[in-house]
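Novice: sequence and predicted structure below; questions after.
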Protein chains: 2
Amino acid sequence: MTKKVDAKGRVSVPSAFRTVLTRLDIRDLYVFQDFVFPAISIAGPEVLERFERHIDQGDPFSPDANKMSLLIHGGGVFMKLDGEGRLAVTDFIRDFAGITNQVTFVGRGDYFQLWEPSALTRMQDETRRERMEQSVRST
Amino acid sequence: MTKKVDAKGRVSVPSAFRTVLTRLDIRDLYVFQDFVFPAISIAGPEVLERFERHIDQGDPFSPDANKMSLLIHGGGVFMKLDGEGRLAVTDFIRDFAGITNQVTFVGRGDYFQLWEPSALTRMQDETRRERMEQSVRST
DNA sequence: TAAATTCCCATTGACGCCCAATTTTGCCCA
DNA sequence: TGGGCAAAATTGGGCGTCAATGGGAATTTA
């Protein structure tokens, strides 16, 4: 599901994803840098709250908790879609995901991701290769 | 949320953070060296009091508690924003955080931090790596 | 008095909000 | 089965508002 970024730096979020958001009554989006991939993940505020709760369980002054807090708060922003369901592709998104003028949307259950198209295919190829090697080893 | 320092050594604090400050009716900002990171933390007086309470709970003779107390009471200054919501980036800030002409703002609940951009990404990358290693270990 | 800081104003630029045009999709009927 | 239509989705862009920026002038400080 690849979409173009328009002249004003916007992408329209495919209706399939928006449907999920409206069903969950999510208006404010928590847009954050994925922990594992060079991709932007988009979810509702409750995901941030879940992260924060997890952090709050530990000592708020411990290095570990602070690092996680930094990852969560420094790696995420709140955004909202415009009236037509479009998202502004800010530098925050561009820089981390390497996105310029094309965005690939990937649904992942209760959230979705933004990828730079070729980065996604590269990642998929790599994963496929690893699976092949595994199956060869186990033969 | 990265901003440039202008020719006069000022950065405009993003409106998102200023909104929080005005909502809490905070005019004087306490600017101090963060406990765990090479970053400057900025908060209102009540956050300071919370830190102090937390320190009081610990062993007053422990090196950590003493250091933190020292940082809070001696390692900080009061500052205020100008009419346009800008902060003067003084040497106190530059030296401790390694900031030159760019500042990344990180909100952390009821206070926020100033980072040298690359220092923040380095710290975040490191944290991601640690998380990855953890999940690998637990496999 | 020179340098730095604060105050003030003008310009720029980004973003939200809106409407119109165009394309795609799903569905019904001949 | 193939059009034809209506609804929905996407796309493009105008415009007003406000944040962000840049810089001049006044004021303070050393």
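Specialist: Happy to help now that I have it.

Novice: what are the ranges of the strands in chain A?
Specialist: For chain A, the strands defined by DSSP state E cover A:2-4, A:10-12, A:29-33, A:40-43, A:76-79, A:86-88, A:102-107, A:112-115.

Novice: list the strands paired with the longest one, with their directions.
Specialist: Within its sheet, and counting by DSSP bridges, strand A:102-107 is paired with strand A:2-4 (antiparallel), strand A:112-115 (antiparallel).

Novice: dump those strands into a markdown table; add distance to DNA strand C and mean pLDDT as well.
Specialist: Where C-beta positions appear, they are placed from N, C-alpha and C, glycine not excepted. Below are the strands paired with strand A:102-107 laid out as a markdown table (distance: least, CB to the nearest atom of the strand, whole Å; pLDDT from 0 to 100):
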| stretch | distance to DNA strand C | mean pLDDT |
| --- | --- | --- |
| strand A:2-4 | 12 | 96 |
| strand A:112-115 | 16 | 96 |
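
Novice: deepest of the ones you listed, which one?
Specialist: strand A:112-115 (a mean of 22; mean count of other CB atoms under 10 Å in any protein chain shown).

Novice: near DNA strand D, anything from that strand?
Specialist: No. Using CB under 7 Å from any atom of the strand, strand A:112-115 never reaches DNA strand D; the gap is at least 12.8 Å.

Novice: how far out from the middle of the chain is that strand?
Specialist: Remark: strand A:112-115 is offset 5 Å from the chain centroid, using CA atoms, centre = their mean, to the nearest Å.

Novice: tell me the spacing between A:V36 and A:Q113.
Specialist: Distance, A:V36 to A:Q113, using CB to CB, to the nearest Å: 11 Å.

Novice: by proximity to DNA strand C, which residue of chain A wins?
Specialist: Chain A approaches DNA strand C most closely through A:G83 (4.3 Å), counting by CB to the nearest atom of the strand.

Novice: okay if I get the strands paired with strand A:102-107 as TSV plus distance to A:V47?
Specialist: What follows is those, written out as TSV (distance: least, CB to CB, whole Å):
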stretch	distance to A:V47
strand A:2-4	23
strand A:112-115	12
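
Novice: what's the closest of those strands to B:R122?
Specialist: Checking the strands paired with strand A:102-107 against B:R122 by CB to CB gives strand A:112-115 as the closest, at 23.5 Å.

Novice: got a list of contacts for the closest one?
Specialist: With contact meaning CB atoms under 8 Å, 6 or more residues apart in numbering or on different chains, strand A:112-115 is reached by A:11, A:17, A:20, A:34, A:37-42, A:93, A:97, A:99, A:103-106.

Novice: now the residue nearest the centre of chain A, nearest residue through space, not along the chain?
Specialist: Closest to where the C-alpha atoms of chain A average out (CA atoms, centre = their mean) is A:S41, at 1.1 Å. Nearest residue to A:S41 in three dimensions, chain neighbours excluded: A:D34, at 4.8 Å (CB to CB, 6 or more residues apart in numbering or on different chains).
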